[in-house]
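Peer 1: Quick check, what structure comes out for this input:
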Amino acid sequence: MSFQPNHHNNNPSLPPPPLTTVLTTAKPLNHMLLLPMHLHSLSDPKSKTLTPNFTTTMDPTLLLSDELLLQILAKLPNSPSNLSNSLVCKRWLNLHGRLVRSLKILDWNFVSSGRLTHRFPNLTHVDLVPACFHSPRNAAAAVFLSHRVASMRVAPGWCFGEDNILPAEVIDGGLRVIANGCPNLRKLEVVGASEAGLACVGEECSTLQELELQRCDDEVLRGVAVCKNLQVLRVIGSVGGFYDSVVSDIGLTILAQGCKRLVKLELSGCEGSFDGIKAIGQCCVMLEELTVVDHRMDGGWLAGLSFCENLKTLRFQSCKAIDGNPGMEEHLGFCPALERLHLQKCQLRDKNGTGAVFSVCRAAREVILQDCWGLDNSVLSLAIICRRVELCYLEGCSLLTTEGLELVIDSWKELQCLRVVSCKNIKDSDISPTLATLFATLKELRWRPDTKHLLSSSLEEISMGKKGGKFFRL
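Peer 2: Numbers count the residues shown, from 1 in each chain. A predicted model of the protein is given here:
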């Protein structure tokens, strides 16, 4: 064995240093690379010499078990760089797949081929909505279209509708793959499934707690009823311009008898009447939150809400009419446990229907009204029946005036918080001394009724709008 001469040695006649000295005086990086060799030799009782293990020398993480490496990777922050860890090697790719819990699928072939469950065996949340539509041929020119209920890829010349949804048997096949490969599934979102596919998920995934089902009808709800442990359910029947399905009292009754542990329920584009809502109230005794979106229910359905004895939150969104024929007030009843009433983007011109809503929700402690059409002083005055209101939030109520607001909140003796935003006819100059005194007793006051005036003030501070006044006027 020969060694290179040591140029720092003043006496060239001296013999070269022994091998142990060379290892001791090596750089720290070399020492770290030799550490796996040393550990390998110690782990082998038959090994008496430092035999280098080139596999562990190149990848020291092979000394760690999968369980320990999973704990390390799980503590990394969620960031794009965390995804790059799966590109290190095949082992890290498999470990990364075991850490993923939530996934949105864009290509249905990834589901039907079994690659989804093989690559990500521990999924608890699967969003299949974008993949349930036929992909546009020109994928390079495709863009994402977001709707209130769905997001999908579209391209020029591609029209959205029921014809672009995958056949029910194809979707059911993918659901069976997920049911067999994701035993810990807790949340699922899907479009156009049938009774058989959902029944398979309900039987195999006993931990399923949250389900969003689009283009749903009465027959499909028979499969949903198999999901005995379901707690959160979003049912979307008919969506104008997208798809048209019918959910009636039959489906609501089936749902109520099968999913008795529901805590949150959203009915979007659903039909029905008093009987369907009554069945839900009587069977789903744990129901705490009900959201009604763009409903098509028959007159008199509001009276069924009184059977929801534990209902705490009631939301109406994008409803063209609340109840066309609510009936006599003494027959409506009310929700005794209700805490929050939220109306957003609803038509409130019908005083009978709006008055019936306030009557059913007379026990509410929070009243939230956002961007509702027809909400003037006379309509808001119907809310005087809600005597226990502690928080009132008004936004986008352009027909309300300061006088109408004062009349209502003066009757709410327990009011503590008031928020008024973007209500242009509520003026600071119209505030009476009585209203000013009431403001002083509130715990929270957010007063921004005239946002245009605030914009003008902010623009004046930065001298914007003075130049080019011919084209920029407030």
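Peer 1: Low-confidence stretches in the stretch 101-250 of the chain?
Peer 2: Along the stretch 101-250 of the chain, the parts satisfying pLDDT under 70 run over 136-162.
Peer 1: which residue ranges form the strands in it?
Peer 2: 102-104, 125-127, 143-146, 151-154, 187-191, 210-214, 232-236 (DSSP state E, counting those that start in this stretch).
Peer 1: Out of these, which is closest to Val389?
Peer 2: Taking CB to CB, strand 232-236 is the member of the strands of the stretch 101-250 of the chain nearest to Val389, at 27.5 Å. Yep, even glycine has a C-beta here, placed from its N, CA and C like the rest.
Peer 1: in its sheet, what does that closest one sit against?
Peer 2: strand 210-214 (parallel), strand 264-268 (parallel) (DSSP bridges).
Peer 1: quick revisit: mind putting the strands of the stretch 101-250 of the chain in CSV, mean neighbour count and distance to Gly114 included?
Peer 2: Conversion of the strands of the stretch 101-250 of the chain to CSV gives the following (neighbours: other CB atoms under 10 Å; distance: least, CB to CB, whole Å):
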stretch, mean neighbour count, distance to Gly114
strand 102-104, 14, 15
strand 125-127, 19, 14
strand 143-146, 10, 27
strand 151-154, 17, 23
strand 187-191, 23, 17
strand 210-214, 22, 22
strand 232-236, 22, 28
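Peer 1: could the ones you listed go into JSON lines alongside distance to Leu343?
Peer 2: Converted to JSON lines, these look like this (distance: least, CB to CB, whole Å):
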{"stretch": "strand 102-104", "distance to Leu343": "31"}
{"stretch": "strand 125-127", "distance to Leu343": "28"}
{"stretch": "strand 143-146", "distance to Leu343": "23"}
{"stretch": "strand 151-154", "distance to Leu343": "26"}
{"stretch": "strand 187-191", "distance to Leu343": "26"}
{"stretch": "strand 210-214", "distance to Leu343": "23"}
{"stretch": "strand 232-236", "distance to Leu343": "19"}
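Peer 1: Among those strands, which comes closest to Gly251?
Peer 2: Closest approach to Gly251 among these (CB to CB): strand 232-236, 8.2 Å.
Peer 1: Now do the helices in the stretch 101-250 of the chain.
Peer 2: 109-112, 115-119, 168-181, 195-204, 218-224, 249-258 (DSSP state H, counting those that start in this stretch).
Peer 1: can you list contacts of the fifth one?
Peer 2: Read that as helix 218-224. Applying CB atoms under 8 Å, 6 or more residues apart in numbering, the contact partners of helix 218-224 are 193-199, 202, 211, 213, 216, 230, 233, 235, 246-248, 250-252, 254-255, 258-259.
Peer 1: what do you get for the third one?
Peer 2: Counting by CB under 8 Å, 6+ apart, helix 168-181 makes contact with 108, 111-112, 114, 116-118, 121, 126, 128, 132, 185, 188, 190-194, 196-198, 200-201, 203-205, all of which sit outside it.
Peer 1: and it, which residues are buried?
Peer 2: Of all the residues in helix 168-181, those buried under the rule 16 or more other CB atoms under 10 Å are Ala168, Val170, Ile171, Asp172, Gly173, Gly174, Leu175, Arg176, Val177, Ile178, Ala179, Gly181.
Peer 1: And the third one, how far from Gly114?
Peer 2: Right, Ile171. 16 Å (CB to CB, to the nearest Å).
Peer 1: try Cys335
Peer 2: 47 Å.
Peer 1: Those two: which is more packed in?
Peer 2: Legend: neighbour count by other CB atoms under 10 Å for Cys335 and Gly114, higher for Cys335 (23 against 14).
Peer 1: Spit out the contact partners of that one.
Peer 2: Leu305, Ser306, Cys308, Glu309, Leu311, Leu314, Val360, Cys361, Ala363.
Peer 1: Next one: the third one relative to Arg365, how far apart?
Peer 2: By that I understand Cys308. For Cys308, the distance to Arg365 - CB to CB - is 17 Å.
Peer 1: again, but for the second one
Peer 2: Spatial separation of Ser306 from Arg365 under the definition CB to CB is 18 Å.
Peer 1: do the first one as well
Peer 2: When CB to CB is the yardstick, Leu305 and Arg365 sit 17 Å from each other.
Peer 1: neighbour-wise, which of these two wins?
Peer 2: Using other CB under 10 Å as the criterion, Leu305 and Arg365 rank with Leu305 on top: 25 against 17.
Peer 1: Ignoring the adjacent residues along the chain, who's closest to the more buried one?
Peer 2: Val360 (5.3 Å; CB to CB, 6 or more residues apart in numbering).
Peer 1: follow-up on the earlier one: ok, so of the buried residues of helix 168-181, who is nearest Gln370?
Peer 2: Of all the buried residues of helix 168-181, Gln370 sits closest to Ile171, with 35.2 Å by CB to CB.
Peer 1: residue contacts, Ile426?
Peer 2: Here Ile426 is in contact with Leu400, Thr401, Thr402, Leu405, Val420, Pro449, Asp450 (CB under 8 Å, 6+ apart).
Peer 1: Now do the contacts for the last one.
Peer 2: Remark: with contacts taken as CB under 8 Å, 6+ apart, Asp450 is in contact with Cys423, Lys424, Ile426, Lys427, Asp428.
Peer 1: Distance check, it against Val421.
Peer 2: Shown here: Asp450 relative to Val421, a distance of 10 Å by CB to CB.
Peer 1: And Cys205, by the same measure?
Peer 2: Cys205 sits 43 Å away from Val421, going by CB to CB.
Peer 1: do Glu309 as well
Peer 2: 34 Å.
Peer 1: could you dump stretch 177-193 to PDB, C-alpha only?
Peer 2: What follows is stretch 177-193, C-alpha atoms only, in PDB (Å, rounded to 0.1, in the frame of the first residue of the first chain):
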ATOM      1  CA  VAL A 177     -62.900   0.800  -5.800                       C
ATOM      2  CA  ILE A 178     -62.800   3.500  -3.200                       C
ATOM      3  CA  ALA A 179     -65.000   1.600  -0.800                       C
ATOM      4  CA  ASN A 180     -62.700  -1.400  -0.900                       C
ATOM      5  CA  GLY A 181     -59.400   0.600  -0.800                       C
ATOM      6  CA  CYS A 182     -60.300   3.400   1.700                       C
ATOM      7  CA  PRO A 183     -61.700   1.800   4.800                       C
ATOM      8  CA  ASN A 184     -61.000   4.900   6.800                       C
ATOM      9  CA  LEU A 185     -63.000   7.200   4.500                       C
ATOM     10  CA  ARG A 186     -64.800  10.000   6.400                       C
ATOM     11  CA  LYS A 187     -65.800  12.500   3.700                       C
ATOM     12  CA  LEU A 188     -66.900  12.000   0.100                       C
ATOM     13  CA  GLU A 189     -68.000  14.400  -2.600                       C
ATOM     14  CA  VAL A 190     -69.500  12.900  -5.800                       C
ATOM     15  CA  VAL A 191     -71.800  13.700  -8.700                       C
ATOM     16  CA  GLY A 192     -74.300  11.400 -10.500                       C
ATOM     17  CA  ALA A 193     -73.900   8.300  -8.400                       C
END
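Peer 1: And the buried ones among the contacts of Cys335, selectable in ChimeraX?
Peer 2: The buried residues among these can be selected in ChimeraX (16+ other CB under 10 Å) with this line:
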select :305,306,308,311,314,360,361,363
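Peer 1: So which of the contacts of Cys335 is the closest to Ile277?
Peer 2: The nearest one, if we look at these relative to Ile277 and count by CB to CB, is Leu305, at 6.2 Å.
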